[in-house]
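Visitor: Just a sequence and a predicted model for now, questions to come.
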Amino acid sequence: MPTERLVHIVDEVPELAGVTDLTLVLVLDGFLDAGNAAAHAARHLADLNDGPEGPGLAVATFEVDQFHDYRARRPAMSFVRDHYEAYDAPRLVVRLLRDSGGTPYLLLHGPEPDNRWEAFARAFREVVERLHVTRVVAMGAVPMAVPHTRPIAITPHANRPELLLGTSPWRGELRIPSSAQSLLELRLGEWGIDMLGFVAHIPHYLAQLDYPKAAAILLEQVELAGRLTIDLSELNELAREREGEIDRYLAANQEVGEVVDALEQQYDAFERADSSGSNLLAGDEPLPTGEEIGQQFEQFLAGLDAQEGTDPNDPNGPFDSGGDT
């Protein structure tokens with residue numbers, strides 16, 4: 001199937017006339033997003049540009065029916081008394097936004113394609129080339145055995161070494177499940193198109209909650225990579241509120257607090273060993289077993305569900321995000 005049938009691109013975008021340095025920010029929901037960090041970051045960018053006609057001008061629209069598995073990820077629909085009223089159709093739309101200084105950039109945020117990844121990559125390439133995108137910057141997040149009381153680590157990646165803004169914490173080769181987003185980086189590199197990205201490391205026990213602190217950290221990286229200026233004040237305020245909620249919960253739940261203490265000891269031991277160049281396996285640290293940590297995580301999440309009969313992301317629940325959606 002020709003790529004023209006997979007994506008529709010606006011022929012002329014006057015707002016981009018004369019623009020010689022254009023960033024496209026990419027977030028595909030569905031796989032690589034512990035703590036909803038990347039999705040929250042993308043929503044923040046859209047909210048900053050929200051106007052009467054929505055968040056920015058749509059400059060390209062993908063034929064989502066060609067990529068979405070509706071039975072695997074059923075979109076929400078409203079049933080009002082005796083009829084169906086609203087349908088949240090999945091959308092893959094590239095929108096033109098502007099940063100705090102008025103610099104234009106593009107945002108593609110939507111569900112990760114369930115199939116036809118190679119066709120999606122070719123269609124995405126057409127968007128990049130037709131709109132003269134300079135670089136693509138992606139965001140993601142993964143759960144890790146790290147405490148929330150330590151700095152959030154970031155794994156940078158890119159399809160050219162010159163694009164990297166930091167050093168990866170990983171050594172050697174890792175075999176991981178692929179994603180449409182990671183395949184895009186690979187294919188764009190083969191086609192000579194720059195793409196880089198950042199993956200935030202999210203504490204295991206917060207992976208199912210909105211974690212705005214990680215969203216803010218990701219957007220700080222996007223600012224540097226995309227040469228943009230982004231207002232993070234609202235996001236940072238949400239992050240402070242969430243941190244306070246987490247601390248209060250842990251203070252009232254000693255067993256979970258002990259797990260976090262152990263993770264802090266492990267984190268600090270690794271940091272000391274890494275800075276000194278010694279073995280990262282610090283055997284003298286009193287750490288719980290993997291099974292014990294897993295049990296505590298399960299109890300933690302179950303405790304959130306039990307409080308006030310709500311789930312962890314319920315805005316009326318014990319971890320009220322204060323407007324975080």
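Guide: Sure thing, it's come through.
Visitor: Can you check the distance spanned by stretch 164-178, start to finish?
Guide: The first and final residues of stretch 164-178 sit 20 Å from each other (CA to CA, to the nearest Å).
Visitor: residue ranges with poor pLDDT in the stretch 1-150 of the chain?
Guide: The model of the stretch 1-150 of the chain has pLDDT under 70 over residues 1-4, 52-54.
Visitor: Go again with 50.
Guide: Confidence mapping of the stretch 1-150 of the chain against pLDDT under 50 gives the ranges 1-3.
Visitor: And the helices in it?
Guide: Remark: helices assigned in the stretch 1-150 of the chain by DSSP state H, counting those that start in this stretch are 37-48, 117-130.
Visitor: Which helix runs longest in this structure?
Guide: helix 254-276 (DSSP state H).
Visitor: Identify each buried residue in that helix, please.
Guide: The neighbour-count criterion (16 or more other CB atoms under 10 Å) identifies Val256, Val259, Val260, Ala262, Leu263, Gln266, Tyr267, Ala269, Phe270 as the buried residues of helix 254-276. For every residue, glycine as well, the C-beta is placed using N, CA and C.
Visitor: what residues are up against the most centrally placed residue in the chain?
Guide: Taking CA atoms, centre = their mean, the centroid of the chain lies closest to Ala38, which sits 1.7 Å from it. Shown in contact with Ala38 (CB atoms under 8 Å, 6 or more residues apart in numbering): Val27, Asp29, Leu32, Met139, Gly140, Ala141, Ala200, Ala215, Leu218.
Visitor: Give me the helices and strands touching the longest helix of the chain, please.
Guide: helix 233-252, helix 290-306 (3 or more CB pairs under 8 Å, 6 or more residues apart in numbering; DSSP states H and E).
Visitor: weakest of those in terms of mean pLDDT?
Guide: Lowest mean pLDDT within the helices and strands packed on helix 254-276: helix 290-306, a mean of 52.
Visitor: what's the distance between Val59 and Val127?
Guide: Relative to Val127, Val59 is positioned 8 Å away (CB to CB, to the nearest Å).
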